[in-house]
Every structure is written in C-alpha cells, then in structure tokens.
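In: Structural data only, the sequence is not supplied:
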Ligand code: MLT
C-alpha cells in the first residue's frame, strides 16, 4: 500500500502567507466596506522597467520566428545570462565561472531544493528566518517532531536573532552541518557585517559545514561597507552556496527568475572539488528543464547597465517607502528595526502582545495587513514585519491609518 510522506504531518500550521491571506479574506467577508492595505507578503508592485520589457519582448519575438525559435534550453540556464551574472559579480571583485552559476525559476525553489543534495545532519537556521528553510528540511525528514512548548523542531539548531545581538547570531557552539543565512535578512531587515560573515565562514571551514547564503535582498544594501555576497569573504567558495533572485531587485516576482552559485572549490566530506557542483547539476537536470527562455531574456536585460540603473530607481522608491513606514512606527512610540538596507521593517509589538494578536488588532483597527513575527520562528514572537513593497499612495494611507487608528 502506498504511504504518504508523513513528514508533512509534522509541519505546524499551514504555510505562513496563505494563513495571512485566509485571515484577511475572512476579515473582508465580515467587513465588505473596508479597504485593506497590504504590507504583508514582500510582493513587488511597481511596473517592470522599459529595458526589462524590451528584453522580455525580444524573448517573445524570438519565439515567433522559426529562425530564432528555441525550445528547451540548457537546464543550467542561458549562457549569455550566466555570463551576465558572472560579469555582475566580477564588478564586486568576485570571479565566478559560468558553470558555477545555475539559473532557476526563483530563489524560493532553490532554497527549498538545495538541501536534497546533502545527507542527513544537523541544520542550523537563524531564528527568525524565511520559513522555507525549516519546512523543507522537515518535509525531507531531517527533523523529528515539532515541539509545541519550544516552538522548535528537534534536530534543528535555532540561532537566536534578537535585539541584543543586532539580529545576527553567534556561530553555533557545537557542531552543525548545514547553516542557512539570509542577509539582508528576511524578516528582520538586519544586514550582516563582513566580520560577522567571516565568523561563519571560519566556523564552516573548521567544522566541515556548508553555508547556504540567501542573498535575495542584496540589491537593497546602500551602505558600501556591508557585504552583498558571501564570496566577499575570503575562502567562502570552499564552504558556501549562494542563492540569488531577480524577484525583488528587478520586479520578477511574477516573471520568476533566480540563480544558485555552487563553487567548484566547495568540498564536502573530503569529496573532490567540483563534486557538490556536479550534484546540483545532476539534481537540476533531473528535476528541472530550465527557466523560461522569455524570463531569461528579461534577466539579461535587467543586468545591463541601463537595466540596473532603472531597477535602482525602483529599489530607491521601495526604500523611501521603508523610511516612511519606519518613521511612522517610531512616531507612535514603537521600536522599529531594519528598513535601511532592506525592504522590511521589524517592529516590537506593543505591551508584549503576541504577534498574531497584533496582526488581528492592526487589521481590525487600521485595516493594515502585516506579517506576524512568530511565523518566522519562535524568536519572532513579540515582533511584527511590515513590507515596504507597495504603491506610495497605499503606503501613505496605511501609515496614516496606523497613526490615527491604532490604539496602543
Ligand atoms: C516574503 O514576504 O517573505 C517573501 O516575499 C516571500 C517569498 O519571497 O517567497
């Protein structure tokens, strides 16, 4: 008899964002006249830039002509796009070979799938963190049951990211195998310094651990002293995989395009150099037929000089939203973090209120939707995330409603 993968039964509630959508829908059903302002999921709202649109149109035009039509492409990605990515990294002083770069349909899939090329061991995550890291390891069977009292899965090391440590963890005291780091961080908006990342690279090399570095929000860093890639740290290629995205940097949340870098130098368990790279290649060529050829043409355009310049204007626009939101939160006497080199504002809920209670209060009193911190891990309790992705008018209305209607 076929059996289900009952690791799914270990998962606590549903995935965070559908749960937010469910509660919002219920609120709207009960309050049909209300206009809800969504600062919950980090979903881009501004139109794609002209250069990117031209790139996408070229992709479509190519398909319309027998001379330029293409079917399946390389599973690893369009060579021109991989070269453009290598060139993009070389501007940061990071040299990558194109066969170290794997193009995908987005960073979410890659951050979910990457664990599958590793054996079972102890996984460490920042707490709070993007739920995909934990949930996919649960589904893969790397954890034991969920422990209600601690809010943790056994066999996962939760590295606390709290106000006291600037929302970036110490390296683990004991030995772990796979470590997920996200900087600029979703959800806290904190950005790790080079010294902090060096601590993890040193730890990983010494303990033969692998870092999975999620840099989906790298383009929101404006402080030139802060790293935007793990490979800015010496020897990181020996221990780190980096996952990047076009979603937030170029507005591709709906277009879908991302990439993963698996350096040839990455060595695990005394295997030969290139082995991890070849495993990811094997995984992708078996499970994936490559990103859309249209999206990849858009990606090439996004990485052109003009494309980057145009996208920067949109990033600046979202960061101005972040500034407006943060100022509002501070003006009502709440403590707000992030929002300077990242598009998320992480606020401490008033009067130690639970983050789901604050979600309901904010929605009911102000009609603003945010994301409860507990959805990102136990140390997210007592915190709440507001996203800076939105039209300026909506952000202004949301802020005004918070200032006028939230009863603290
Ligand atoms: C978020 O809101 O955390 C992200 O938009 C979710 C995602 O990128 O999948």
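Out: Nice, thanks for sending it over. What you are looking at is a predicted structure, and each value in this text was computed from that prediction instead of being measured.

In: Could you use CA atoms for every contact and neighbour count after this?
Out: OK.

In: Residue 385 falls within a strand, correct?
Out: Yes. Assessed with DSSP: H, G, I helix; E, B strand; the rest coil, residue 385 lies in a strand.

In: Tell me what the residue in the stretch 301-408 of the chain that the ligand sits nearest to is bridged to.
Out: Nearest to the ligand, among the residues of the stretch 301-408 of the chain, is residue 387, at 7.3 Å (Cα to the nearest ligand atom). On the basis of DSSP bridges, residue 387 is bridged to residue 344.

In: Need the pLDDT of it.
Out: On pLDDT, residue 387 comes in at 98.

In: for residue 246, same thing?
Out: Residue 246 is assigned a pLDDT of 98 by the prediction.

In: Begin at 56, not 1, for the rest of this chat.
Out: Done: numbering now begins at 56, and the last item shifts to residue 301.

In: Could I get the contacting residues of it?
Out: Residue 301 sits next to 161, 271, 307, 308, 311, 312, 313, 354 when contact means Cα atoms under 8 Å, 6 or more residues apart in numbering.

In: As a markdown table, those residues with secondary structure and distance to residue 75 would be great.
Out: As requested, those are exported to a markdown table (DSSP: H, G, I helix; E, B strand; the rest coil; distance: Cα to Cα, whole Å):
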| residue | secondary structure | distance to residue 75 |
| --- | --- | --- |
| 161 | coil | 22 |
| 271 | coil | 22 |
| 307 | coil | 22 |
| 308 | coil | 18 |
| 311 | coil | 22 |
| 312 | coil | 25 |
| 313 | strand | 25 |
| 354 | helix | 31 |
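
In: Show me which pair in these is furthest apart.
Out: Maximum pairwise distance in those, criterion Cα to Cα, is 14.5 Å, between 271 and 354.

In: one step back: verify the contact between the residue of the stretch 356-463 of the chain closest to the ligand and residue 94 for me.
Out: Yes. Using Cα atoms under 8 Å, residue 442 is in contact with residue 94, at 4.8 Å.

In: shared neighbours, the two?
Out: Counting by Cα under 8 Å, 6+ apart, the contacts common to residue 442 and residue 94 are residue 425.

In: The two: which is more packed in?
Out: Neighbours per residue (other Cα atoms under 10 Å) separate residue 442 from residue 94, with residue 442 holding more: 29 against 22.

In: tell me which element residue 444 is part of?
Out: Using DSSP states H and E, residue 444 sits in no helix or strand.

In: for it, phi and psi?
Out: The phi and psi values for residue 444, taken as degrees, to the nearest 10, are phi -80, psi 120.

In: Where does the prediction get shaky in the protein?
Out: By pLDDT under 70, the low-scoring segments of the chain are 68-69.

In: domain ranges for it?
Out: The record's domain split for the chain, according to automatic domain parsing, is 61-102+366-460, 106-361.

In: Show me the helices in the stretch 156-305 of the chain, by range?
Out: Per DSSP state H, counting those that start in this stretch, the stretch 156-305 of the chain carries helices over the ranges 162-168, 186-194, 249-262, 302-305.

In: Let me have these in a markdown table, extended by distance to residue 425 and mean neighbour count.
Out: Shown next, in a markdown table, are the helices of the stretch 156-305 of the chain (distance: least, Cα to Cα, whole Å; neighbours: other Cα atoms under 10 Å):
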| stretch | distance to residue 425 | mean neighbour count |
| --- | --- | --- |
| helix 162-168 | 20 | 19 |
| helix 186-194 | 16 | 21 |
| helix 249-262 | 29 | 18 |
| helix 302-305 | 18 | 24 |
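
In: Now those in JSON lines, please, with extra columns for distance to the ligand.
Out: Below are those laid out as JSON lines (distance: least, Cα to the nearest ligand atom, whole Å):
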{"stretch": "helix 162-168", "distance to the ligand": "6"}
{"stretch": "helix 186-194", "distance to the ligand": "8"}
{"stretch": "helix 249-262", "distance to the ligand": "22"}
{"stretch": "helix 302-305", "distance to the ligand": "8"}
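
In: I'd like these as a markdown table, with distance to residue 401 appended.
Out: Formatted as a markdown table, the helices of the stretch 156-305 of the chain follow (distance: least, Cα to Cα, whole Å):
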| stretch | distance to residue 401 |
| --- | --- |
| helix 162-168 | 21 |
| helix 186-194 | 16 |
| helix 249-262 | 20 |
| helix 302-305 | 18 |
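
In: For burial, what's the neighbour tally of residue 395?
Out: 21.

In: Highest neighbour count among the contacts of residue 301?
Out: Greatest neighbour count in these, by other Cα under 10 Å, goes to residue 354: 28 neighbours.

In: check contacts around that one.
Out: Contact partners of residue 354, counting by Cα under 8 Å, 6+ apart, are 107, 110, 136, 301, 312.

In: any idea how far residue 182 lies from residue 240?
Out: Distance of residue 182 to residue 240, given as Cα to Cα, to the nearest Å: 11 Å.

In: now do residue 133
Out: The gap separating residue 133 from residue 240 is 29 Å, by Cα to Cα.

In: if I pick residue 334, what's in contact with it?
Out: Residues in contact with residue 334 (Cα under 8 Å, 6+ apart) are residue 172.

In: Does residue 163 touch residue 186 like I think?
Out: No. Residue 163 is beyond contact range of residue 186, at 10.3 Å (criterion: Cα under 8 Å).

In: between those two, what contacts are shared?
Out: Overlap of the contact sets of residue 163 and residue 186 (by Cα under 8 Å, 6+ apart) is empty.

In: quick check: angle from the helix ranked longest in the chain to strand 438-442?
Out: Counting residues, the longest helix found in the chain (DSSP state H) is helix 360-386. Orientation note: helix 360-386 sits at an angle of 140 degrees relative to strand 438-442 (axes from the mean of the first three to the mean of the last three Cα atoms, to 10 degrees).

In: and helix 360-386 with the ligand, contact?
Out: No. Helix 360-386 lies out of reach of the ligand by Cα under 6 Å from any ligand atom, never closer than 13.7 Å.
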